[in-house]
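Novice: what shape does this take:
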Amino acid sequence: MTARLYFNNLDLNNAELNPSNPPENLFIYVKGDLRIAGQNKINAVVYVAGNVSMTGNATIDGALAAGGNIDIGGNGDYEFDQDAVDKVDLGGTTCGGGSGGSQLDHFELTHSGQALTCNPETVVIKACADASCSRLVTEQVSVTLSLTPDTASNGWVGGNQLTFSGGSTTARLHNNTAGTVTMGVASSTPAFQHPTLCQAGSGALSTAACTLSFADSGFLFNVPDTLANKPQDVVINAVKKDDATKQCVPGFAGVSKPVSFWGSYVTPNANAFGSQIRIDGNPVSTYAANVASPAGTVINVNFDSQGKATLKRVNYPDAGQMRLNARHDGSGDTAGLVMTGSDLFVSRPAGLCITPTQGACAAGDASCPVFKKTGEAFQLNIAGVAWQVDGDTDFCSGNLATPNFALANIALGSELVAPKPGEEAVVGTASYDHSNAKGSNNLNPVGQSVNEVGVFRMTATPPTLGYFGYTIPAASSVPVGRFIPVDFNLVSGNIVPACDAFSYMGQPFLAELQIQARNQFGETTLNYREAFAKGDAYLSAANNRDGVSLSARLRSLGPLPWVAGEADFNGPTEFVRRSDGQPDGPYRALSFGLYMKDNDGEQTLIANPDFNDGQPGSCSGAGCNARLIDDVPMEAYFGRVQAGTRQGVATAGLAVPLQLQYHEAGAWHAMLADQCTRLSLQDGGIEFTDGSQSFDEGSGELVLDGNTRIRLGLGLVAPGAMVASAKDGVISIQFAAPDRAVRIPFKIDLSKQPESEQQPGRRPLWLSDPDSLEGMAIFGRDRGNDRIIYRREVMP
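Specialist: Coordinates of the predicted model:
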């Protein structure tokens, strides 16, 4: 049982602590400084985060470690007891609190177990988030490393204060004299929960393994960090310690020696795929990190006169942090000699291969077939791959997979291929963790989506310096697409009849539409433009929603002016007469729906449809195929203009009506609602059919014959104007008095009447009726008997 005492700062003067019990029975933690003066007897394991000062006749039996300086003066004495360190129970409680974030369970320090005094030892430091160290603390961690004994001839290269993130880092430890040192972690932020564990080579984790022996001789070699599967030559040295210079000098010279080589998986600490380190094309035994007594592959190594040899074409075809180990056991005259060495190196993927399972389109433009709507999921397969040749940029062609490659937090994105310039997409999956548990091809399936229209390359960008201090290059796929909008949204719509609430059949009226092409979030897809904008608008119609479609009688709308995913359309259409020309109607409650045709296989439809011209009454759900444009119905009439015939005295003016009419139930009726139709005397709009009569547009006078002229005009009152609009469905021709008897026949030429305001270039042929366009003004003559249809003179 261990008693544990925690102090912010501690001053001891003439104190006895645990004098009659073993040191492991007491653990003292001081967050600040420890000062000991006078006669003191302490049996304990002591850890001080700050500085230690001992004066007088103080003795400590057990263990003493400090994050700062240790100053022992006077007759102070310190006896290190490894057995006490191994047995002390530090418990699950630390003092001082953490800094938030992930809980730090303990640290693990890994070293070769075969250190040489002439070379700093590389130590891998892991911040473990759980007892098995299956999870690492990837946030920032600050540590203070400890070393016992701490002398002038040893220490941590660069100091014992480290700050790192990502879960692991490395430090270098030097010891210039043969012997043992004990390494550890004195303190950390966040604070650790349990004691530090160590691993020597591929041995088991323990606190005992935190003690490292530095030998006077062994093998020195450096396997440079490299790309997976890329061969490189490695120089190996057999060395011993020169006490005079502390430099490595040759230990073997001009001899051939059998050397056993083996590899160890460090991180990940196992490999389910059996990947092996190779030397000169020959595989060497490669083991999981926890194999206690690995058997190596023996290679005869020829050392030159300098005690050096070259290992040819050393490579590892997979990814991970690895260790290459070497051992020579002497025989004969050198029996009992053991020469060992190892080196830690990183083998990293040359890059990533991103393969879409569907949707690849080499053309990369609007000709690509539809792949997905925005927001719809598709699959990418992403694999880490090995080096093939220098300068390689196509990592999806012939490169071997690195099945043991694993890396967290790889960012995902996209690059716009077309339309260019355009809007980059936001992807649905922003990052993923690449796993080494996906089989020998290392294919990691990732679901992805985009929020924009177009063709894109999918990208994966590993974190900077994220793979053991190296940055795996960003990767991109072949062009993927085409992506299309989720729906079309009618933002606003309005049907503008040609004349107040009605239009004549065949007369242009206006449709005002604001339409959006949208993504899965209801946002405008800005890339829906030019060749990528294929959507057309069509109108559907029914009278009083009676379920009888009248859409076939609607003139097609013009092309939609798509700009950045929006179309603001203001253009003419018309409700045409029947194909046989026969009058019908009127239709006094025409409702119009917007039907969108994507020209991509009917995949992108109108949003929130609420209209169906072929369904009586209201529709719902799948029964709707269009969006009601305007809540106010339009009236449509089969119309004509009826030229009148009027008779009057020769000495007074005469008004001849031109009446606008509509057809209903087999009869013609005055179109009293027409206040819009315009007629003109100009440009031959009204032709005077008596060859002896002509109209002078310049003066506005009708020449009857000789020098007789009368003033003409259009309007309700004389003399009228050259152009007039209907009043209650009538426009009158005002004839001035000719002062003699005369007949003035005329004919309305609709093809020469004023153009439509809604559609310039269109003349009012919607008022045509061959039986109604001719009229006459009669001055000074009896009309005769209206009951006489035809009169002629018969000669005897």
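Novice: give me the phi and psi for Asp683.
Specialist: phi 60, psi 30 (degrees, to the nearest 10).
Novice: and the pLDDT at the residue nearest to it when sequence neighbours are not counted?
Specialist: Nearest residue to Asp683, sequence neighbours excluded (C-beta to C-beta, 6 or more residues apart in numbering): Lys752, at 5.0 Å. In short, each C-beta sits where N, CA and C put it, glycine included. Lys752 carries a pLDDT score of 96 in this model.
Novice: ok, Lys752 - contacts?
Specialist: Counting by C-beta atoms under 8 Å, 6 or more residues apart in numbering, Lys752 touches Ser680, Asp683, Gly684, Gly685, Arg763.
Novice: ok, it to Pro764 distance?
Specialist: 10 Å (C-beta to C-beta, to the nearest Å).
Novice: PyMOL command to pick out the buried ones of the contacts of Lys752?
Specialist: Applying 16 or more other C-beta atoms under 10 Å to the contacts of Lys752, the buried members can be selected in PyMOL as follows:
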select buried, resi 680+685+763
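Novice: of the contacts of Lys752, closest to Glu424?
Specialist: Using C-beta to C-beta, Arg763 comes nearest to Glu424 of these, at 50.5 Å.
Novice: distance-wise, check that closest one relative to Met634.
Specialist: The gap separating Arg763 from Met634 is 22 Å, by C-beta to C-beta.
Novice: tell me the domain ranges of this structure?
Specialist: The chain breaks down into these domains under the TED database: 3-87, 106-215, 217-348, 362-484, 487-637, 639-779.
Novice: okay, those in CSV with distance to Pro356 next?
Specialist: CSV is the format used below for the domains of the chain (distance: least, C-beta to C-beta, whole Å):
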stretch, distance to Pro356
domain 3-87, 53
domain 106-215, 30
domain 217-348, 23
domain 362-484, 5
domain 487-637, 19
domain 639-779, 48
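Novice: nearest to Thr355, of these?
Specialist: Going by C-beta to C-beta, the one of the domains of the chain nearest Thr355 is domain 362-484, 4.7 Å.
Novice: end to end on that closest one, go ahead and measure it.
Specialist: 17 Å (C-alpha to C-alpha, to the nearest Å).
Novice: how about stretch 65-75?
Specialist: So stretch 65-75: terminal residues 19 Å apart, C-alpha to C-alpha.
Novice: low-scoring stretches of the stretch 251-400 of the chain, by residue?
Specialist: Applying pLDDT under 70 to the stretch 251-400 of the chain picks out residues 251, 333-336.
Novice: show me where it has its strands.
Specialist: All strands of the stretch 251-400 of the chain, identified by DSSP state E, counting those that start in this stretch, fall at 256-267, 278-279, 282-283, 286-287, 297-302, 308-314, 320-329, 338-348, 351-356, 372-373, 378-385.
Novice: quick one: Gly715 and Val730 touch, right?
Specialist: No: using C-beta atoms under 8 Å, Gly715 makes no contact with Val730, being 10.4 Å away.
Novice: beta partners for the residue nearest the centre of the chain?
Specialist: The residue lying closest to the centre of the chain (C-alpha atoms, centre = their mean) is Val427, at 1.8 Å. Taking DSSP bridges as the rule, Val427 bridges to Val450.
Novice: enumerate every residue touching it.
Specialist: Taking C-beta under 8 Å, 6+ apart as the test, what Val427 contacts is Leu412, Gly413, Ser414, Gln448, Ser449, Val450, Asn451, Met458.
Novice: go again with 10 Å.
Specialist: Ala411, Leu412, Gly413, Ser414, Gln448, Ser449, Val450, Asn451, Glu452, Phe456, Met458, Thr459 (C-beta atoms under 10 Å, 6 or more residues apart in numbering).
Novice: the fifth one and Arg457, how far apart?
Specialist: Distance, Gln448 to Arg457, using C-beta to C-beta: 12 Å.
Novice: comparing the two, which residue is more hemmed in?
Specialist: Just comparing Gln448 and Arg457: by other C-beta atoms under 10 Å the higher neighbour count belongs to Gln448, 23 against 19.
Novice: where's the more buried one relative to Asn14, distance?
Specialist: For Gln448, the distance to Asn14 equals 72 Å [C-beta to C-beta].
Novice: ditto for Asn544
Specialist: 110 Å.
Novice: any chance you could read off phi and psi for the residue nearest to Leu337 when sequence neighbours are not counted?
Specialist: Among residues not flanking Leu337 along the chain, Gly330 sits closest, at 3.1 Å (C-beta to C-beta, 6+ apart). As for Gly330, its main-chain torsions (degrees, to the nearest 10) stand at phi -70, psi 160.
Novice: count of neighbours near Gly330?
Specialist: With other C-beta under 10 Å as criterion, Gly330 counts 12.
Novice: and it, how close does it get to Ser217?
Specialist: Noted for Gly330: a distance of 11 Å to Ser217, by C-beta to C-beta.
Novice: any shared contact partners between those two?
Specialist: Leu337, Val338, Met339.
Novice: quick one: contacts for the second one?
Specialist: Residues in contact with Val338 (C-beta under 10 Å, 6+ apart) are Gln114, Ala215, Ser217, Gly218, Arg327, His328, Asp329, Gly330.
Novice: if you set the cut-off to 6 Å instead, what comes out?
Specialist: Residues in contact with Val338 (C-beta atoms under 6 Å, 6 or more residues apart in numbering) are Asp329.
Novice: before we move on, what about the one 4 residues further on?
Specialist: Ser342 makes contact with Ser112, Gln114, Arg323, Asn325 under the criterion C-beta under 6 Å, 6+ apart.
Novice: pretty sure the third one is touching Leu344, no?
Specialist: Yes: with contact defined as C-beta atoms under 6 Å, Arg323 counts as touching Leu344 (5.1 Å).
Novice: that older thread, max pairwise distance over the contacts of Val427: which two?
Specialist: Most distant of these, by C-beta to C-beta, are Ala411 and Glu452, 18.0 Å apart.
Novice: distance to Ser202 added to the strands of the stretch 251-400 of the chain, as TSV?
Specialist: Below are those laid out as TSV (distance: least, C-beta to C-beta, whole Å):
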stretch	distance to Ser202
strand 256-267	5
strand 278-279	18
strand 282-283	18
strand 286-287	6
strand 297-302	15
strand 308-314	19
strand 320-329	8
strand 338-348	10
strand 351-356	30
strand 372-373	49
strand 378-385	24
